[in-house]
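# Below is the sequence, then the predicted model.
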Amino acid sequence: MKPIRLTKTKKMLHFKIFLLLLLSINITAQEKKETYLFSEDISTNFEKDKTLPRFQVAATNFSISGYYKLALETWDKQFENDFSKKRTISKEDSIYFKTFNPVNAKEYIINRSKNERIILINEAHNNSRHRVFTTSLLQDLYNNGYRFLGLEALWENLNDKGYPVLESGFYTKESQFGNLIKEATAIGFTVFGYESTSKTRDGGKTREIEQAENIVKLMKENPDSKFLIHCGYEHIVEGTPGIKTWEKAMAGRIIEMTGINPLTIDQTNYSEKGTPILNSPYIEMVNLDYPVIMVNNENQTFNGDKDNPKKIDCCIIHPVTKYKNNRPDWLSLSNERKTVTIKKSKIKEYPALVMAYRINEYENNGIPADIIEISNRDEKTNLILNKGQYKILIKNKNYKIAAEFEQSVK
């Protein structure tokens, strides 16, 4: 039995929902004073919301406030009618998949990056794991000559701050997105936004063209530099995208404008879902505890079922998340980040939101490096942070600051 796929009509519907989501985001950003919310408040808002993009709005809000699993689960709810059964693959696709061998995804990308000029890697906007993986690539890519990091989600230039603030973008408010930007600037990357500013309503075609133009302009101005582009979903498609009104996605437009074939990497097709039965069988077939790219003996990569390959160079198969003290294991960046336990004596009332800001960033509207909700005294209170100095804020259920103190992470 073949996997269930969305029809063209439903793909277009989901694109329209995405546009409504962007509109909802702009309205919400203007109305809402609190950026980081308790899970109960997000759930309450979701139950009251009867609009079309409510699933995506809630999933995004869960993601921004640090609720990884809830973000995935809420996103999946919009597809309950389409995906009510366990995912399956055909015998032929299983045999085909087994002709490939798993290679550590990070190692594969770093090795291949040496001979590339531009890399495009995507994310699901409700999945912070994808941002953490891109973060894990930064130092090695910089060592291989990459100097520019382009972000679809960045609305405003960082200027001399070296870190994002709440006004820098919408998705960039999420801690792991903020950490991605902060680490990139600390390493030495020039971080830039390339989003289209056009208001033309043509199903997204102009947006794809203008995004590509903004990237290509910088490429021409910096002919000796290499570029890493972090984007959403189908923008990395080199051929005909699922949304036909685009005609060509951003990656295809870049090829058209430069003649350069980018390395395109998908993270979205084979990542875990919030509901385990929706996971791709390929994840279980790999059964490893680190992200892989499948490569055969001819050095070809797996990028989809035999009769339905994606128009991209390679797909990352992420393992199902394991949790340590209720936090996703991949947050540690292979143990580069440290676990910091907040003393119970610091928390006077529950539930509590615990947020860690780098020194001087909170006062300047910065993004928390990590955020957790503590429901009761028995829950673990572990933040995952890089070495450095932090201001810890603890907010009560009314979003009042109940405590604040400095914390050193060594």
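Perfect, I can see it now. Numbers count the residues shown, from 1 in each chain.
# Which residue, neighbours along the chain excluded, lies closest to S375?
P351 (4.9 Å; Cβ to Cβ, 6 or more residues apart in numbering). (Glycine included, C-beta is placed from N, CA and C.)
# give me every residue that touches that neighbour.
38, 40, 373-376, 396-397 (Cβ atoms under 8 Å, 6 or more residues apart in numbering).
# same deal with K397?
38, 349, 351-352 are the contacts of K397 under Cβ under 8 Å, 6+ apart.
# try 6 Å this time
P351 (Cβ atoms under 6 Å, 6 or more residues apart in numbering).
# so what pLDDT did the residue nearest to S375 get?
pLDDT, P351: 96.
# Phi and psi next, for it.
Note on P351: backbone dihedrals following degrees, to the nearest 10 are phi -70, psi 160.
# which stretches of the stretch 251-400 of the chain aren't confidently modelled?
308 (pLDDT under 70).
# again, only using 90
Counting by pLDDT under 90, the stretch 251-400 of the chain contains low-confidence ranges at 275, 277, 304-310, 325-326, 380-381.
# any chance you could map the helices in it?
Using DSSP state H, counting those that start in this stretch, the helices of the stretch 251-400 of the chain run over 281-286.
# just the stretch 101-250 of the chain next, same as before
Using DSSP H, counting those that start in this stretch, the helices of the stretch 101-250 of the chain run over 105-113, 128-143, 175-187, 205-221, 250-258.
# and the last one, how far out from the chain's middle?
Relative to its chain's centre, helix 250-258 lies at 23 Å (Cα atoms, centre = their mean, to the nearest Å).
# Show me which residues of it are buried.
250-255, 257-258 (16 or more other Cβ atoms under 10 Å).
# which other helices and strands contact that helix?
helix 205-221 (3 or more Cβ pairs under 6 Å, 6 or more residues apart in numbering; DSSP states H and E).
# quick one, what contacts L331?
Residues in contact with L331, defined by Cβ under 6 Å, 6+ apart, are I384.
# ok, it to R129 distance?
Relative to R129, L331 is positioned 9 Å away (criterion: Cβ to Cβ, to the nearest Å).
# ditto for D329
From D329 to R129 the distance is 10 Å (Cβ to Cβ).
# neighbour count winner among these two?
Applying other Cβ atoms under 10 Å to D329 and R129 shows that R129 carries more neighbours, namely 21 against 15.
# Residue ranges in the stretch 51-200 of the chain under the pLDDT threshold?
52, 78-88, 156-162.
# ok, which stretches of it are strands?
For the stretch 51-200 of the chain, the strands defined by DSSP state E, counting those that start in this stretch occupy 101-104, 118-123, 146-151, 190-193.
# Just say which of those strands is most tucked in.
When the strands of the stretch 51-200 of the chain are scored by mean count of other Cβ atoms under 10 Å, the highest mean neighbour count falls to strand 118-123 (a mean of 24).
# Mind putting the helices of the stretch 101-250 of the chain into TSV with distance to G304?
Output for these, formatted as TSV (distance: least, Cβ to Cβ, whole Å):
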stretch	distance to G304
helix 105-113	16
helix 128-143	18
helix 175-187	27
helix 205-221	21
helix 250-258	16
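# Out of those helices, flag the one nearest I392.
Ranking these by their distance to I392 (criterion: Cβ to Cβ) puts helix 175-187 first, at 13.6 Å.
# Using CSV, write out the CA atom coordinates for the closest one.
The C-alpha coordinates for helix 175-187 follow below in CSV (Å, rounded to 0.1, in the frame of the first residue of the first chain):
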residue,chain,number,x,y,z
SER,A,175,14.5,30.1,21.4
GLN,A,176,16.2,27.7,19.0
PHE,A,177,15.8,30.1,16.1
GLY,A,178,17.3,32.8,18.3
ASN,A,179,20.2,30.5,19.2
LEU,A,180,20.8,29.7,15.5
ILE,A,181,21.1,33.4,14.7
LYS,A,182,23.2,34.2,17.8
GLU,A,183,25.6,31.4,17.2
ALA,A,184,26.0,32.3,13.5
THR,A,185,26.9,35.9,14.2
ALA,A,186,29.3,34.8,17.0
ILE,A,187,31.1,32.5,14.5
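# Would you mark the buried spots in it?
Buried residues in helix 175-187, counted by 16+ other Cβ under 10 Å: 175-185.
# Same list (the residues you listed) but as a markdown table, adding distance to G232.
Output for these, formatted as a markdown table (distance: Cβ to Cβ, whole Å):
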| residue | distance to G232 |
| --- | --- |
| S175 | 18 |
| Q176 | 15 |
| F177 | 12 |
| G178 | 17 |
| N179 | 18 |
| L180 | 14 |
| I181 | 16 |
| K182 | 20 |
| E183 | 20 |
| A184 | 18 |
| T185 | 21 |
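# Closest one of those residues to R358?
Using Cβ to Cβ, K182 comes nearest to R358 of those, at 7.5 Å.
# out of the buried residues of helix 250-258, which one sits closest to N222?
T258 (12.9 Å).
# Count the residues that sit near P276.
11.
# Not counting residues beside it along the chain, what's closest to it?
In space, P276 is closest to V320, 7.6 Å off (Cβ to Cβ, 6+ apart).
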